[in-house]
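1. test case, fold it:
(chains A and B)
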Amino acid sequence: MSTSTPAISSRSWTVDHDTLRRDPFDLRARVARDAEVALLTTDAVFVAAALCALDGWAAAVHLVPRDAADAVLTPSLDVIRDEAVTLGSGTDRELEAVTSTRWVIYTSGTTGTPKPISHSVASLSRTINPTGAQGELVWGLLYDPNRMAGLQVLLQCLVTRSPLVAADTYAPLIQRVEHLIESGVTALSATPTLWRQILQIPRAAQWPLRQITLGGEIADQPVLNGLTRTYPDARIVHVFASTETGAAFSVRDRRAGFPVDYLTNPPRGISLDIRDGILFVHSPGVSAAGEDGFASTGDRVEVVDDRVMFRGRQTGVVNIGGTNVWPEEVESLLRDHPDIAEAAVEARANAMVGNLLAATVVLKDDPNPETTGKTIRSWVRQHAASNTHVPATVRIVDAIETSPAGKLKR
Amino acid sequence: MNIRQRIVETLTEIFEEDELEVPAFDDDLVLLETGLDSLGFAVLVTRLEDELGYDPFALLAEPVYPVKFGELVEVYERFASHART
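-> Numbers count the residues shown, from 1 in each chain, chains lettered A, B, ... in the order given. Modelled structure (predicted):
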């Protein structure tokens, strides 16, 4: 790969930014004007080229993650697969915008059927600061480019013409990370769950990262502290962006949550509101927005002193004997335990109290040999807000699975 | 290990974790007098489900609320055919 021309590279292709904008896969010939089409690919170069070529040309483009294909694809929907295209040098004709294009992306679908959400490229690009000092940053992409988190990284690089190296979405994390380190990546966006795992990869401690972005889940204080300790010179930003509302805003002060004055002084012009404990953002272009243009993010928030803290998903609430408990709160507490590296907490149906919590934890290297599920449970009991927060069971495992979007599987 | 022993062991564990005095598990022991609350009881049922492979309270057509330790054991024994072999 030439380092003089910024390019996007994937496992299959390396294409510079100028060529990406010239429809190198000849998609405008393949897709009829105002047609509706689905892309079946995990390749970041192909998705980037499609964003450039089909925006303003197709009526709708569905970005279909691999695990959603069965649920989403119908015989009537025209499908383009990446193995069926060839890379050329592109056209010299200007790619005129002749229509407005709906980009349909699918939520992770942790609760069953993947949910389609329509966006415009403008609504997807809202957190991108085109004038932001990118310097010589080389971005890495750990995610599936079809998902919100991956798209954000891809669009960021398209807008700022930054170099991007995409890891093989479905390779094990340690291989993806080592590939990015070897490729000279200096900027990375990942979920807090992935960052906690990255901090456990030996080679990652020597990674000369300059930009660290966290998104997709609640960034808690322990993970922000861990990153600050390992990468003291990096800029650390946690981004709030949800599939329901498109992009929103970022926080740069290495503290969990966001400043309460964002509510009165909208960050980058994005108005926020808290309604019944749920964060709403003004997002009139989005299908989920109400009449006043505000859309629910589905995230429960709480004001604590000068911060608005995220407390978990509205729908993720677990009712335990009439008390609402958010599994994320308990996960966050477990991660404060001196011997715990990672924790996932899920609800378990119970005839007595409706639901109970079941915790799965990964211990740090060289834990106290006396640490067991039993001692962890006692520790939670001492530190939790109430007994309902104490998991009924604590299972110790070697690793916790993450979803294709890099989030903890509960 | 029989079901009664398994229940005694699991209950003892929960009492210890909750820093409650471990009682003598006679059939006439009144469960609620031991300090075990609804949550503790629910925890017991969940752990026994992991151990034995079944939750008798989810299998019952009519809800049963065992008052005494002997009744609790009886409910578990009634559905023993569901136990993981």
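2. tally of neighbours for the closest residue to A:Ile181 other than its chain neighbours?
-> Leaving aside its sequence neighbours, A:Ile181 sits nearest to A:Trp207 (Cβ to Cβ, 6 or more residues apart in numbering or on different chains; 5.4 Å). All C-beta spots, glycine's among them, are computed from the backbone N, C-alpha and C. By the criterion of other Cβ atoms under 10 Å in any protein chain shown, A:Trp207 has 20 neighbours.
3. OK, contacts around B:Val22?
-> B:Thr12, B:Phe15, B:Glu16 (Cβ atoms under 8 Å, 6 or more residues apart in numbering or on different chains).
4. isn't A:Trp195 up against A:Asn225?
-> No - the criterion here is Cβ atoms under 8 Å, and A:Trp195 misses it with A:Asn225 at 11.4 Å.
5. so what's A:Ala343 up against?
-> With Cβ under 8 Å, 6+ apart, A:Ala343 has these contacts: A:Val330, A:Glu331, A:Leu334, A:Arg335, A:Ala359, A:Thr360, A:Val361, A:Val362, A:Ile400.
6. got the contact list for A:Phe25?
-> With Cβ under 8 Å, 6+ apart, A:Phe25 has these contacts: A:Phe46, A:Ala49, A:Ala50, A:Ala53, A:Val85, A:Thr86, A:Leu87, A:Gly88.
7. filter the residues you listed by proximity to chain B?
-> Applying Cβ under 8 Å from any Cβ of the partner chain to the contacts of A:Phe25, one finds that nothing falls near chain B.
8. dump the lowest-mean-pLDDT helix or strand in chain B to CSV, restricted to CA.
-> When the helices and strands of chain B are scored by mean pLDDT, DSSP states H and E, helix B:56-59 comes last with a mean of 84. In CSV, the C-alpha atoms belonging to helix B:56-59 read as follows (Å, rounded to 0.1, in the frame of the first residue of the first chain):
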residue,chain,number,x,y,z
PRO,B,56,-40.6,-27.2,40.2
PHE,B,57,-42.3,-23.9,40.8
ALA,B,58,-42.4,-23.2,37.1
LEU,B,59,-43.8,-26.7,36.6
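9. can you name every helix or strand that that helix contacts?
-> Packing partners of helix B:56-59 (3 or more Cβ pairs under 8 Å, 6 or more residues apart in numbering or on different chains; DSSP states H and E): helix B:69-78.
10. in a helix, A:Asn225, correct?
-> Yes - counting by DSSP: H, G, I helix; E, B strand; the rest coil, A:Asn225 is part of a helix.
11. enumerate every residue touching it.
-> By Cβ under 8 Å, 6+ apart, the contact list for A:Asn225 is empty.
12. measure the closest residue to A:Lys374 other than its chain neighbours to A:Ile320 for me?
-> Excluding the flanking residues, the one nearest A:Lys374 by Cβ to Cβ, 6+ apart is B:Glu17, at 5.8 Å. As judged by Cβ to Cβ, to the nearest Å, B:Glu17 and A:Ile320 stand 17 Å apart.
13. can you check A:Val165 too?
-> 44 Å.
14. re the thing from before, and which of the contacts of A:Ala343 is nearest to A:Trp57?
-> Among those, A:Ile400 lies closest to A:Trp57 (Cβ to Cβ), at 42.0 Å.
15. my read is that closest one is in a strand, agree?
-> No - with three-state DSSP as the criterion, A:Ile400 is assigned coil and is not in a strand.
16. I'd guessed it sits against A:Val362; true?
-> Yes - using Cβ under 8 Å, A:Ile400 and A:Val362 qualify as a contacting pair, with a distance of 5.7 Å.
17. what do these two both touch?
-> A:Glu342, A:Ala343.
18. give me the distance from the stretch of helix or strand A:Leu188 belongs to to the chain's centre.
-> Per DSSP states H and E: A:Leu188 is located in strand A:187-190. Chain-centre distance of strand A:187-190: 10 Å, with Cα atoms, centre = their mean, to the nearest Å.
19. can you list the buried residues in that strand?
-> Using 16 or more other Cβ atoms under 10 Å in any protein chain shown as the burial criterion, the residues of strand A:187-190 that qualify are A:Ala187, A:Leu188, A:Ser189, A:Ala190.
20. check what pLDDT A:Trp326 gets.
-> We have a pLDDT of 86 for A:Trp326.
21. report the contact partners of it.
-> A:Arg300, A:Arg311, A:Gly312, A:Arg313, A:Gly316, A:Val317, A:Val318.
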